[in-house]
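J.: I would like to see how this sequence folds:
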Amino acid sequence: MSEEVKQRPARDLSSLPAKFVLTACAAAVAEIVTFPLDLTKTRLQIQGEAGPRQFIGGQAAKPYRGMIQTAVGIVKEEGLFKLWQGVTPAICRHIVYSGIRIVTYEKLRDSVLCKDEDGCFPLWKAVIGGMLGGALGQFFASPTDLVKIQMQMEGKRRLEGKPPRVHGIIHAFVKIVSEGGIRGLWAGWIPNVQRAALVSLGDLTTYDTVKQFLLRNTTLKDNSLCHGLSSICAGLVAATLGTPADVIKSRIMNQTRDKQGRGLQYTSTIDCLMKTIKREGFMSLYKGFLPTWTRMAPWSMTFWLTFEQIRRLSGIDSF
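T.: This is a model prediction of the structure:
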């Protein structure tokens, strides 16, 4: 009887809700630390869109040209703390997105797709698990991503003399629903889910695969060094796979909409993709790649190191 009592907490700590909460905590820490790079990335991705010439203080606005210039421009023109504008919906988004994708992937890995007899998780199974987990998590988190994108652009709109679209996270949700109904909350969800599937493929699959490779083929132990090296690789692959879809997603979500909730600049993902390439060239799909990668590397490292340590402190096995 005493042995059963001792074993119960371990089973409870390893439950799906517990893992979801631990994932959400680690994701929130990573999001707060690296959010300024996400804001910079979004501003870079919106640059170059067709529209009237913009003026700030009566003078023609000079478009930001790179990562550093964009970040410095935001601080000078809007203030230091504007680098965290939109962080609240971003944290909400990652609580849903990261929580669902990590739990889904781990469940698929351990119970559905299962490891081989030698304990290895084949790459093709990791790919399926990573993409399914990312797509499912992003579908449910898409409304918060939409709000985050719009809030990130508010500082720039004010400088351009345009009226603010939203005044906070609650107002943003209410405004979107009033203009486009519940479906309006999922505007741009297709490129959003596509991007998330690719990013999760790069992040989850790469992290898990590299980590297991290092543990089996090197003298590294299951420690912070191993987790750090795996997370750096994960961030690079995730940024490479996800940036084009991220550019399209940002533009679709940021566009002005009519009373029926229909976009005024782009009618679909394909329309946005073709117009972007035609007007700005193929490499425009990699606008914001440097801050995306610069952010994903520390984000992945912060998240995975925090996540692994929280799991360990909670008595849950390493991911």
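J.: ok, for residue 237, nearest residue in space, not its chain neighbours?
T.: residue 202 (3.7 Å; C-beta to C-beta, 6 or more residues apart in numbering). (Each C-beta comes from the backbone N, C-alpha and C, glycine too.)
J.: List the residues that contact the one you found.
T.: 130, 234, 237, 238, 239, 240, 241, 242 (C-beta atoms under 8 Å, 6 or more residues apart in numbering).
J.: can you pull the pLDDT of it?
T.: Reading off the confidence values, residue 202 has pLDDT 86.
J.: same thing with residue 78?
T.: The model's pLDDT for residue 78 equals 82.
J.: okay, now it: neighbour count?
T.: Using other C-beta atoms under 10 Å, residue 78 is surrounded by 16 other residues.
J.: again with residue 209
T.: Neighbours of residue 209 (other C-beta under 10 Å): 21.
J.: again with residue 40
T.: When neighbours are counted by other C-beta under 10 Å, residue 40 comes out with 28.
J.: For it, what is the enclosing helix or strand?
T.: Under the criterion of DSSP states H and E, residue 40 resides in helix 16-46.
J.: just checking, what packs against that helix?
T.: helix 67-78, helix 87-107, helix 123-152, helix 224-254, helix 289-313 (3 or more C-beta pairs under 8 Å, 6 or more residues apart in numbering; DSSP states H and E).
J.: Return the distance of that helix from the chain's centre.
T.: Centroid separation between helix 16-46 and its chain, computed with C-alpha atoms, centre = their mean, to the nearest Å, is 7 Å.
J.: Rounded mean pLDDT for that helix, please.
T.: Across helix 16-46, pLDDT averages out at 86.
J.: just for the chain, where's the confidence low?
T.: By pLDDT under 70, the low-scoring segments of the chain are 1-14, 45, 47-65, 114-115, 117-119, 152, 155-156, 159, 260-261.
J.: circling back to that earlier point, which one of the helices and strands packed on helix 16-46 lies closest to residue 281?
T.: helix 224-254 (12.2 Å; C-beta to C-beta).
J.: by how many degrees do the closest one and helix 16-46 diverge?
T.: If you take axes from the mean of the first three to the mean of the last three C-alpha atoms, to 10 degrees, helix 224-254 sits at 60 degrees to helix 16-46.
J.: Tell me which helix or strand comes right after helix 224-254.
T.: helix 269-280.
J.: Measure how that next one sits relative to helix 16-46, angle-wise.
T.: Using the same axes, to 10 degrees, helix 269-280 lies at 30 degrees relative to helix 16-46.
J.: hang on, the earlier thing: could you dump the helices and strands packed on helix 16-46 to TSV with distance to residue 281?
T.: Compiled in TSV, the helices and strands packed on helix 16-46 are given as follows (distance: least, C-beta to C-beta, whole Å):
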stretch	distance to residue 281
helix 67-78	19
helix 87-107	29
helix 123-152	23
helix 224-254	12
helix 289-313	14
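J.: Next, give phi and psi for the nearest residue to residue 154 once chain neighbours are set aside.
T.: The shortest distance from residue 154 to any non-neighbouring residue, by C-beta to C-beta, 6+ apart, is to residue 164 (5.6 Å). Backbone torsions for residue 164, taken as degrees, to the nearest 10, come to phi -60, psi 140.
J.: Then residue 267?
T.: According to degrees, to the nearest 10, residue 267 has phi -90, psi -20.
J.: Distance check, it against residue 256.
T.: 13 Å (C-beta to C-beta, to the nearest Å).
J.: When the two are compared, which one has more neighbours?
T.: Taking other C-beta under 10 Å, residue 267 and residue 256 do not tie; residue 267 has more neighbours (12 against 9).
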